[in-house]
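> Give me a 3D structure for the following:
(one chain, ligands or ions: 1)
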Amino acid sequence: MPDRMDDAEGFFGLEEIEGVDIIKQGDGGVQFKAKAGKPTKSIIKPPSEDDGDEWAGFSDEDSSKKSPATEKTPAATKVKEDKKSKKDKKKEQNKTKKDEQNSKEQKPKESKAAQSQSIKAGLSFAALDDVEEDDGVDVSAWDGLNLSPETFTALSKMKFSSPSAIQKASIPAILDGHDVVGKASTGSGKTLAFGIPIIEHYLDQRGKQEGQSDKSEKNKSPIALILSPTRELAHQLGKHIGELIANSPDTNARVALITGGMSIQKQQRQLATADIVIGTPGRVWEILSTGTGLIRKMQKIQFLVVDEADRLLSEGHFKEMEHILNALDKHQAGDIADMDEEEEEEEPSNRQTLVFSATFHKDLQQKLAGKSRWTSGEMLDNKESMEYLLKKLNFREEKPKFIDVNPESQMAVGLKEGIVECPAMEKDLYLYSVLLYYPKHRTLIFTNSISAVRRITQLLQALQLPVFALHSNMAQKARLRSIERFSSPTANPSSILVATDVAARGLDIKGVNCIIHYHVPRTADAYVHRSGRTARAGESGKSILICAPDEVVGVARLAGKIHSKKTKKAEDSNGPSKKIPLESLDIDRRVVARLRPRMSLAKRITDSTIAKEKVNTEDNWLRAAADDLGVEYDSDEFDQSKGRGRGRGGGRERREKEASELSKSEMAGLRAELKQLLSQRVNIGVSEKYLTAGRIDIDALLRGEGNDAFLGHLDPLTF
Ligand SMILES: Nc1ncnc2c1ncn2[C@@H]1O[C@H](COP(=O)(O)OP(=O)(O)OP(=O)(O)O)[C@@H](O)[C@H]1O
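Numbers count the residues shown, from 1 in each chain. As a prediction, the model looks like this:
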């Protein structure tokens, strides 16, 4: 595993390799040999991941001789050349094969020594051909962007045949040395919009350094610092940019991931040799402030990227962002101890600042675009404000280039938005109904609290749905594991992830078909980012809000903000409208009624499990406190004293207590009853009319088609 990727304690570094024999040698060593015949899969690591001596068994002499091309070639020409050379190679190979066959007929058996010789020399040509055959798509649509051949190859291998709008607009501006503020809808490829120019810069630098005396690893400094608001997003950025590097021939830029939840020492080591640093502000500052000369190195970066900028600049991360930005511009500073924040005015910086998001609120947008400016007096009075941070970004240009590729709407083009109205106490039931209406949909459910994530996850688990949880109180490894299990290509296609807004921004999980907002998001931006986890990269997807009657007004306001341009256009032509611009979904109430018994059983089981956990935690805590005080702990006595003088909240406590007192056998009884209900199709035996009215397509049922939660025909949601 190359150092530039964080390997999550070794997990991501494991790779299964097919078509290889391991041969034990007399001296205790092992040798790897390609199996005879054409392997089903490539057994060659991408050249960029070639970590040299470890893979002595597969020598790839050609690639080691290759010198990196620095000249920029139009993709079309390159692809044509590749194709031509492939054809020629094939012809030659066919000829060689024929020749070989002829000579085989004359010399039926080659000596064993000769055979092993041919294996030692590396892979068979068939294997090489296999690798080339798999290769990429036509990338001539990227031609005008003046990219290097390495990047063309990577894009081709990644099958990105054309740039997205934000890539097309931002890449040339960044390559021309401008500061860029980029706004584009969720899932529109913003990562590579800044990732590609960074790699181009890396390749350019490398080209210039060739021939010069070797810069030692220790003196190396990173070219880019990319800041992200969450750990998951930082990991994903690392993965995405890592893929670009891995697919780009002879490019070995190192990426260091600097996020919380992982070992600091390891990250410090990685940072010392990194080309690109990706991290969350808290941990980045924690490491920089250790005073080991890292600040001085970071001051040499060529690019500062602030991803999901509206969040990074306004919420929670203020202090750390301020420290980092101060440190980057504090000249002569090498050590945190030397720093005095107000000591001097920042000099114009030589680095480019790149600021990206799908949502910039108006004020921020105007400030970023340099349309409204501030005075330094204002700044000093207002040190806690976002404007202060903006100033600290220290753009090298008076006005950065503001690129907004979809000013009309922030929502992805392929996204459908719907709303399900239901009684406040029945959200769980309606959530379950929606999930059953959309089987084989990978669904992400958002809630506004960690306790709701825990409860809904347990509830859906009780209902035997494949569900995982994600919230910020989980250990980092558990967080990554949940995402991995939810998103893996081999995961159940109906898998469900219940999450807080920690998953709302930036996460790029393939194949998420549906977003459900169990709680109405607190801000319009949160709605945009949550919904943006589906319908990415030109795909389609659904976003469904589950909404109680007293939330409708808030939702209307929220939807109005998001679709203000659409609503305004409609109003201009049809007059004022109070309609929410989300499609209202009618769920058949008979279906909901049939699901009710399942839900009430599942709720009792879940409430009891949670109440028991709570009692245990409280009990342990009180026992420990009693131990510390050296007194006897009697839980009954404590409960009685707690009950005295109770006012509001007493009812909930009583219910919790009752739930926690369900005996093991009562719980087993509930579980058995629920299991029995779940084993039946939803509408079986409820209405004989279904059978007699011919609404059941028995053949389809036998073929395993349709919605197998229901027996027979179900009016689909027109959405
Ligand atoms: N040119 C391209 N052609 C096809 N797919 C692309 C292209 N560029 C990026 N993608 C894919 O599009 C998906 C979304 O990209 P990315 O995560 O960069 O979006 P984003 O705009 O940053 O989204 P968000 O605002 O949610 O963070 C990724 O899976 C990426 O692999």
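
> which ones are touching P423?
Applying C-beta atoms under 8 Å, 6 or more residues apart in numbering to P423 gives the contacts 548-549. Heads up, the C-betas are built off the backbone N, CA and C, glycines and all.

> start the count at 702, not 1, going forward
Let's use 702 as the start, then, which means that last one is P1124.

> burial measure for L1130, as a count.
By other C-beta atoms under 10 Å, 21 other residues sit near L1130.

> Over to the one 10 residues further on?
Counted with other C-beta under 10 Å, the neighbours of P1140 add up to 13.

> ok, now L1160?
By other C-beta under 10 Å, 23 other residues sit near L1160.

> So it belongs to a helix, correct?
Yes - counting by DSSP: H, G, I helix; E, B strand; the rest coil, L1160 is found in a helix.

> Let me know whether L1137 touches L1296 as I believe.
Yes - between L1137 and L1296 a contact is recorded at 7.2 Å, counting by C-beta atoms under 8 Å.

> Pull up the overlap in contacts between those two.
Counting by C-beta under 8 Å, 6+ apart, the common neighbours of L1137 and L1296 are V1383.

> now the nearest residue to Q1159 once chain neighbours are set aside: how far from K1376?
Spatial nearest neighbour of Q1159, excluding adjacent residues (C-beta to C-beta, 6 or more residues apart in numbering): T1307 at 4.6 Å. Look at T1307 and K1376: by C-beta to C-beta, to the nearest Å, they are 15 Å apart.

> can you check L1208 too?
Computed as C-beta to C-beta, the L1208 to K1376 distance reads 34 Å.

> And for M1126?
According to C-beta to C-beta, M1126 and K1376 sit 25 Å apart.

> More neighbours: these two, which one.
Using other C-beta under 10 Å as the criterion, M1126 and K1376 rank with K1376 on top: 11 against 8.

> if we can go back for a sec, counting by contacts, list what the helix or strand where the residue nearest to Q1159 lies packs against.
Applying DSSP states H and E as the criterion places T1307 in helix 1290-1330. In this structure, helix 1290-1330 packs against helix 1128-1138, helix 1151-1163, helix 1336-1344, helix 1351-1361, helix 1365-1380, with contacts taken as 3 or more C-beta pairs under 8 Å, 6 or more residues apart in numbering; DSSP states H and E.

> what's the angle between it and helix 1128-1138?
Using axes from the mean of the first three to the mean of the last three C-alpha atoms, to 10 degrees, one finds that helix 1290-1330 and helix 1128-1138 are set 120 degrees apart in direction.

> now the angle from helix 1290-1330 to helix 1365-1380?
For helix 1290-1330 against helix 1365-1380, the angle by the same axes, to 10 degrees is 150 degrees.

> ok, back up a step: which stretch in the helices and strands packed on helix 1290-1330 has the least confidence?
Comparing mean pLDDT over those, the weakest stretch is helix 1336-1344, at a mean of 58.

> What's the separation between the residue of the stretch 702-851 of the chain found nearest the ligand and E1252?
Per C-beta to the nearest ligand atom, W843 is where the stretch 702-851 of the chain lies closest to the ligand, at 8.2 Å. Distance of W843 to E1252, given as C-beta to C-beta: 46 Å.

> interface residues of the protein facing the ligand?
Contact residues (C-beta under 6 Å from any ligand atom) of the chain with the ligand: 861, 864-865, 868, 885, 887-893, 1059, 1207, 1209, 1233, 1237-1238.
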